[in-house]
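Q: Quick one, what's the 3D model for this:
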Amino acid sequence: MRRAQNAEIALGALLAVMLMGIGVLIGKFSIHPVEGVTVLSQVTEASIGNGVGFYVVQFSTAVLLALAANTSFGGLPVLAQLLAEDNNLPHLFALRAERQVHTYGIGFLTLMSAVLLIGAGGKMNVLVPLFAIGVFVGFTLSQFGMVRHWRRERGPGWLGRA
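A: Numbering: from 1, shown residues only. Have a look, this model is predicted:
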């Protein structure tokens, strides 16, 4: 439990430092939104040029986004199952296939992803903010749940944990 808390704190601190660093670089290089080019791509090009390092950063970003999307496909169906068992979603989401896969949750997520992709016309500048909102909403809800848990339990040192 303590390792998980330390990992969360380290990840939060790392995220804060990276966001502040990117903010400083955006100001230093006077980066502004340009049609068809991400701000991160502009910052990377201004920082290290457009050589091999630029492509390593772009590839790494694509891999991280793919892993984040994969996490959604792994986590959301399980969450939908729990919500369905508590009567907060249709019971269809609680059903599992032969290999313990949440078929309907994955199908729903796939369908909604396709709707978003088509609705946005595949425009990255529309989809990335939606992705960021989804990530931060999920993170905020999970943190809210943990604070609520610690407030309810009120064990030794609960206030610091909350």
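Q: What sits closest to the residue nearest the centre of the chain if chain neighbours are left out?
A: What sits nearest the mean C-alpha location of the chain, by CA atoms, centre = their mean, is residue 135, with 3.2 Å. Distances taken as CB to CB, 6 or more residues apart in numbering place residue 68 nearest to residue 135, at 7.1 Å, with adjacent residues excluded. C-betas here are computed from N, CA, C, even on glycine.
Q: re the thing from before, am I right that the residue nearest to the centre of the chain sits in a strand?
A: No - counting by DSSP: H, G, I helix; E, B strand; the rest coil, one finds residue 135 to be helix, located in no strand.
Q: Can you get me the start-to-end distance on stretch 44-57?
A: The first residue of stretch 44-57 is 7 Å away from its last residue (CA to CA, to the nearest Å).
Q: So what's the model's average confidence on whichever strand or helix holds residue 148?
A: If you go by DSSP states H and E, residue 148 is part of helix 124-153. For helix 124-153, mean pLDDT rounds to 78.
Q: Now it: buried residues?
A: Within helix 124-153, the residues scored as buried using 16 or more other CB atoms under 10 Å are 127, 150.
Q: downstream neighbour of the lengthiest helix in the chain in the secondary structure list?
A: The residue-count maximum for a helix in the chain (DSSP state H) belongs to helix 52-85. Next in sequence after helix 52-85, counting helices and strands by DSSP H and E, comes helix 103-119.
Q: Would you mind pulling the contact partners of that next one?
A: Contact with helix 103-119 is made by 72-73, 76-78, 80-81, 92-93, 95-97, 127, 130, as judged by CB atoms under 8 Å, 6 or more residues apart in numbering.
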